[in-house]
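**Student:** Sharing a model that was predicted from the sequence below.
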Protein chains: 2
Amino acid sequence: MTQRITVVGDGGMGTVCALMLCENGADVTLWSAFEDQAAAIQQDRVNTKFLPGVHLPDNLTATADVAQAAKGDLLISAVPTEYLRGVWARFAESLESDTPICSVTKGIENHTLLRPTEMLAELVGEDRSYAALSGPNIAPEIARKLPATAVVASCDASLAQRVQDAISRPYFRVYTNPDRVGVELAGAMKNVIAIAAGIVDGLGLGSNAKAALITRGLVEIARLGVAAGAQQETFAGLAGLGDLVTTCISSEGRNRSFGQAIGQGGNPDDVLASMTMVVEGVATTRSVMELAQRKNISMPLSQGVHDILFSQKSPREVITELMTRPLRGE
Amino acid sequence: MTQRITVVGDGGMGTVCALMLCENGADVTLWSAFEDQAAAIQQDRVNTKFLPGVHLPDNLTATADVAQAAKGDLLISAVPTEYLRGVWARFAESLESDTPICSVTKGIENHTLLRPTEMLAELVGEDRSYAALSGPNIAPEIARKLPATAVVASCDASLAQRVQDAISRPYFRVYTNPDRVGVELAGAMKNVIAIAAGIVDGLGLGSNAKAALITRGLVEIARLGVAAGAQQETFAGLAGLGDLVTTCISSEGRNRSFGQAIGQGGNPDDVLASMTMVVEGVATTRSVMELAQRKNISMPLSQGVHDILFSQKSPREVITELMTRPLRGE
């Protein structure tokens, strides 16, 4: 029997997930929060706003109708963290009680410090199964069918395998992993380091500096992650190191691009205002530093990004501080 | 009292080490295997062949005289693996018995499968102290005083600290680490993955693919390293992950550039013949696969590079094999 799968959220990652699910023969609904956007996708067979130039197959239906979208056998949540609460509150009434949800959102909610699947459990019930899919997944590259890999994490192994089967393609290799906490935290926290990587690029500091940033960045991300209940190994894997690397090196990453504009002298608020896509890392920086404080974990690099974004410190000042701390063992 | 330090080897890394040692006030000798090259450096105050455009300070003396060079209080070995045996055999007689040596060479000798400091111990005695310095250190970037980090490893903690003090600069942050085996193996093995990264670039496969390569590459490097006596943590550090990342992303890395030319369709032998600098990764690929066989460790990515370099397999063929293995847990 053909599976009905709904992707809630029409951003780049949601759209490319819908595309792969379609290629595997599912009956796919792509839900947009906006009537006109859904109608345009449905008619033009392309998501001009978030994944331009990519043809969407006939077994994809775009809609803004919540009741229709809620009917899937499996739901993919691809809504940015800041809109997640508002969107899923609208789905709560229409959803069947046992439909599993796989989240591809990369963030941590401000103040509550909840991960996306924790927010979902609060909004649409704790009894259904949840999974999180993450990895080095710049959406336009996947849409071009360039080889990529990902991890799907769930304590419900049958759900992890179901998502793995539904979305794996010859060019998209999906591994399973039981550590949903680690996969979600890694995916969120790497965006803070990606902003730092962009700043390094904007200042023209070179590959040695960026490699050091990635290495020490992963150390501090993993430290906080483990304190918050994640498994250390997850951070050495595709959702940890892998996603961190692609976000820090890809010219298409928006968190890195945001950082680059700041490194080139832009004011963080002005740069942010000029961007059309959500830069998850900005809000995540606040959440990460709040979580680090609660867990009493030292995160010098994330703190540096926080100082630049919210305390008007200059990038040069932060880098000089980081490079001139006392020498010590690794 | 001013320290006399000799750098044996006038490649990019040797020269930039000499430069930093000079900046810290040491009396530095840079030894070249070639009379004319030593004379040119001594007269022009620049190493036109291996570090063009970088002025060398007055407290640096370039020489090809072994007896003069052997007089240092501390020696830095910066000779490519394939020339290391020949060069240090010439130093054996002139060296005092207790002069410590710090190696910056990144390779594993073919057939013997010895690390650089193991080769040195064989050539100039096991009783002196040895250290290995490694990390994300593309030499021309360091010469431009862009921020960089490194690790110096020795079981002799006082030697590690001595090298740390001698070479650390405000723009070059050196950490100590007790795991010389891991630091040397990581530095060698990453060049194999760097060739693969170049192939990925040459084929235009994008950042997601490169990030997956770096992640899975580090896993297999660490697996072999631990089997050969290294500490797991070293591979998550600057000499492991850090060096791997910079080598895989820098446009100036020669192993990556070599791989890129192959990815663009070049024949490995022809590409190699056209390069002026030593591409350590080619010989290291043979050593790594021989070591992997001895230790019975699976290294699918290094094996893929080996197949492309020495068994005429095409890059596309190798990548298709890697992407289409059965799906599984991470």
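**Tutor:** Okay, I see it. The model shown is predicted, which means the values in this text are computed figures rather than measured ones.
**Student:** what's the closest non-adjacent residue to the residue most central in space within chain A?
**Tutor:** With distances taken as Cα atoms, centre = their mean, A:Lys106 lies nearest the centre of chain A, 2.7 Å away. Of all residues not flanking A:Lys106 in the chain, A:Gly187 sits nearest, at 3.9 Å (Cβ to Cβ, 6 or more residues apart in numbering or on different chains). Every C-beta, even on glycine, is put in place using the N, C-alpha and C of the backbone.
**Student:** Now that neighbour: phi and psi?
**Tutor:** phi -60, psi -30 (degrees, to the nearest 10).
**Student:** check which helix or strand covers A:Thr15.
**Tutor:** Using DSSP states H and E, A:Thr15 falls within helix A:12-23.
**Student:** what bits of the stretch 101-250 of chain A have low per-residue confidence?
**Tutor:** Scanning the stretch 101-250 of chain A for pLDDT under 70 picks out no residues.
**Student:** Show me the strands in it, by range?
**Tutor:** A:101-103, A:130-134, A:148-153, A:172-177 (DSSP state E, counting those that start in this stretch).
**Student:** Which of the ones you listed sits closest to B:Ile199?
**Tutor:** Closest to B:Ile199 of the strands of the stretch 101-250 of chain A, according to Cβ to Cβ: strand A:148-153, at 16.5 Å.
**Student:** Would you mind listing what in the stretch 201-330 of chain A touches chain B?
**Tutor:** A:204-212, A:214-216, A:218-219, A:236-238, A:241-246, A:249-253, A:319, A:323-324, A:327-330 (Cβ under 8 Å from any Cβ of the partner chain).
**Student:** From A:His306, how far off is the residue lying closest to A:Arg223 once chain neighbours are set aside?
**Tutor:** Distance criterion Cβ to Cβ, 6+ apart; nearest residue to A:Arg223, sequence neighbours excluded, is A:Ile297 at 5.4 Å. Distance, A:Ile297 to A:His306, by Cβ to Cβ, to the nearest Å: 14 Å.
**Student:** which residue sits closest to A:Ser168, ignoring its sequence neighbours?
**Tutor:** A:Val174 (4.6 Å).
**Student:** so the one you found makes contact with A:Ala150?
**Tutor:** Yes - contact criterion Cβ atoms under 8 Å: A:Val174 and A:Ala150 qualify, at 5.0 Å.
**Student:** more crowded one of the two?
**Tutor:** More crowded of A:Val174 and A:Ala150, by other Cβ atoms under 10 Å in any protein chain shown: A:Ala150, with 28 against 25.
**Student:** Now do the contacts for the spatially closest residue to that one that is not a sequence neighbour.
**Tutor:** Excluding the flanking residues, the one nearest A:Ala150 by Cβ to Cβ, 6+ apart is A:Gly135, at 3.4 Å. By Cβ atoms under 8 Å, 6 or more residues apart in numbering or on different chains, the contact set of A:Gly135 is A:148-151, A:238-239, A:242-243, B:208, B:212.
**Student:** again, 6 Å this time
**Tutor:** Contacts for A:Gly135 (Cβ atoms under 6 Å, 6 or more residues apart in numbering or on different chains) come out as A:149-151, A:238-239, A:242-243.
**Student:** Out of these, flag the one nearest to B:Thr48.
**Tutor:** Looking across those and measuring by Cβ to Cβ, the closest to B:Thr48 is A:Gly242, at 40.4 Å.
**Student:** measure that closest one to B:Gln312 for me?
**Tutor:** A:Gly242 is 30 Å from B:Gln312, by Cβ to Cβ.
**Student:** Which one's more surrounded, the two?
**Tutor:** A:Gly242 (31 against 9).
**Student:** circling back to that earlier point, check which helices and strands the helix holding A:Thr15 sits against.
**Tutor:** Helix A:12-23 is packed against strand A:4-8, strand A:27-31, helix A:139-143, with contacts defined by 3 or more Cβ pairs under 6 Å, 6 or more residues apart in numbering or on different chains; DSSP states H and E.
**Student:** Which strands or helices does the first one pack on?
**Tutor:** I take that to be strand A:4-8. Counting by 3+ Cβ pairs under 6 Å, 6+ apart, strand A:4-8 packs on helix A:12-23, strand A:27-31, strand A:74-77.
**Student:** List the pairing partners of it within its sheet, with orientation.
**Tutor:** Applying DSSP bridges, strand A:4-8 is found paired with strand A:27-31 (parallel), strand A:74-77 (parallel).
**Student:** export those strands to a markdown table and tack on mean neighbour count and mean pLDDT?
**Tutor:** Converted to a markdown table, the strands paired with strand A:4-8 look like this (neighbours: other Cβ atoms under 10 Å in any protein chain shown; pLDDT from 0 to 100):
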| stretch | mean neighbour count | mean pLDDT |
| --- | --- | --- |
| strand A:27-31 | 25 | 98 |
| strand A:74-77 | 26 | 98 |
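**Student:** The residue nearest to A:Arg223 in helix, strand or coil?
**Tutor:** Under DSSP: H, G, I helix; E, B strand; the rest coil, the three-state class of A:Ile297 is coil.
**Student:** could you list every residue that touches A:Leu244?
**Tutor:** So A:Leu244 contacts A:190, A:218 (Cβ under 6 Å, 6+ apart).
**Student:** Would you enumerate the residues in contact with A:Cys17?
**Tutor:** With Cβ under 6 Å, 6+ apart, A:Cys17 has these contacts: A:7, A:76.
**Student:** A:Ile195 versus that one, what's the distance?
**Tutor:** Computed as Cβ to Cβ, the A:Cys17 to A:Ile195 distance reads 25 Å.
**Student:** go on, A:Ala227?
**Tutor:** Counting by Cβ to Cβ, the gap from A:Ala227 to A:Ile195 is 22 Å.
**Student:** Looking only at neighbour counts, state which of the two leads.
**Tutor:** Using other Cβ under 10 Å, the more surrounded residue of A:Ala227 and A:Ile195 is A:Ile195, with 35 against 14.
**Student:** Settle this for me: the more buried one is touching A:Ser257, isn't it.
**Tutor:** No - using Cβ atoms under 6 Å as the test, A:Ile195 is too far from A:Ser257 to be in contact (9.6 Å).
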